[in-house]
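**Q** here are the coordinates; sequence isn't available:
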C-alpha cells in the first residue's frame, strides 16, 4: 500500500469511527485510572520538538500500546508504529481497540514516507512524537523484566531525522495481562497467548532522559554498528529508566553481529 492510499484509508477510518473511538477512549481512561491507577512519570523529559520514543512492549491485550497512544501526554498526540498485521487498516483488533498509529511492515524495513509527516520539517503533523517498540517482541511472563534484543529501526529514525530518542518504561503491564506463550508465524509477528482478562495491577509509564546521537549524524553506519547503538546505548538507556521501578536484565544478542562505531557517543539533556 502506498502512502497516498493509506492517507485516504486513514481519513475514512477516522471519520467513520470518530464517535466510537471518542467513547472508547473516554471509557478506557476511567478503566486505567480506577482499575489500574495509571501514572505517568517524567513528562518533563519529553522535548518540545519532534522525538522518537523507544518503549518496551510488556503485556498482553496491547494495554501498553493503547496507553502510550492515548494517555502518555496530556496535550500532544503520540503516534506509534504498529505492525501492519495488527493495524486498523488491516485488522479488526487494530480497528476496534487500538485505533491509532501508522503501519510498520516487518518485511522490507521502514517506510519513511509514513514517518515524514511527523518528524520532517514542514510535515503535516510536525513536530510529532513517534513511538517504536524496538524489541519487536513481547516477552513471556517468565522473562517479564528482561529486555529482548533491540532492532536498529529506532536508531535509523533518530539519525535520519536528527531527533532525540526518549526511553519510555512500561511498568506493571506484564502483571496486568501476563503473556503466557508464543507461537512462531512465518514472515510475521508471533501469535501471543494471554488470559481474556486483566488483573488490577498498578501501571506506570516512566519517561527517561532523552538521548542525542549527534556524533553519529551524517555517517554511513553499517548494520553491525546500528545494532551496537541500539543494544548498547538505546536498550541500556531504557533499562536504566526501568531499574528504578523493577529489576532489569538483558537478553544476549546472538542473532546479529555488532560493532562499536568509531565515534564517541555522548548523552546530553535537552
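**A** Received it, and whenever you're ready, just let me know what you need. Predicted model only: the values in this text are computed from it and were never measured.
**Q** CA only for contacts and neighbour counts going forward, please
**A** Noted.
**Q** Please confirm that residue 19 is located within a helix.
**A** Yes - per DSSP: H, G, I helix; E, B strand; the rest coil, residue 19 lies within a helix segment.
**Q** Listing request: residues of the stretch 1-150 of the chain with sub-threshold pLDDT.
**A** By pLDDT under 70, the low-scoring segments of the stretch 1-150 of the chain are 108.
**Q** one more time with 90, if that's ok
**A** Residue ranges of the stretch 1-150 of the chain with pLDDT under 90: 1-2, 58, 85, 105-109, 122, 136-137, 139.
**Q** And the strands in it, which stretches?
**A** 39-41, 51-55, 78-83, 102-104, 129-132, 146-147 (DSSP state E, counting those that start in this stretch).
**Q** Out of these, which one sits most buried?
**A** Mean neighbour count (mean count of other CA atoms under 10 Å) peaks for strand 51-55 among the strands of the stretch 1-150 of the chain, with a mean of 26.
**Q** Off-centre distance for that strand?
**A** Mean-position distance between strand 51-55 and its chain equals 6 Å (CA atoms, centre = their mean, to the nearest Å).
**Q** Is it correct that residue 110 is in contact with residue 104?
**A** Yes - Residue 110 lies in contact with residue 104 (CA atoms under 8 Å); the separation is 6.8 Å.
**Q** residues contacting the residue lying closest to residue 156 once chain neighbours are set aside?
**A** Distances taken as CA to CA, 6 or more residues apart in numbering place residue 226 nearest to residue 156, at 7.6 Å, with adjacent residues excluded. Contact partners of residue 226, counting by CA atoms under 8 Å, 6 or more residues apart in numbering, are 152, 155, 156, 258.
**Q** farthest pair in those residues?
**A** Maximum pairwise distance among the contacts of residue 226 (CA to CA): 15.2 Å, between 156 and 258.
**Q** what about those two, which has more around it?
**A** Per other CA atoms under 10 Å, whichever of residue 156 and residue 258 has more neighbours is residue 258, with 19 against 16.
**Q** which secondary structure element contains the more buried one?
**A** Using DSSP states H and E, residue 258 maps to neither a helix nor a strand.
**Q** Now, the contacts of residue 226 that are in helices?
**A** Among these, the members found in helices (DSSP state H) are 155, 156.
**Q** closest to residue 1 among the contacts of residue 226?
**A** Minimum distance to residue 1 across the contacts of residue 226 is 21.9 Å, recorded for residue 156 (CA to CA).
**Q** And the closest one, how far from residue 219?
**A** Remark: distance between residue 156 and residue 219 (CA to CA, to the nearest Å) = 11 Å.
**Q** who's in contact with residue 143?
**A** By CA under 8 Å, 6+ apart, the contact list for residue 143 is empty.
**Q** can you check the one 10 residues further on too?
**A** Taking CA under 8 Å, 6+ apart, we find residue 153 in contact with 109, 110, 134.
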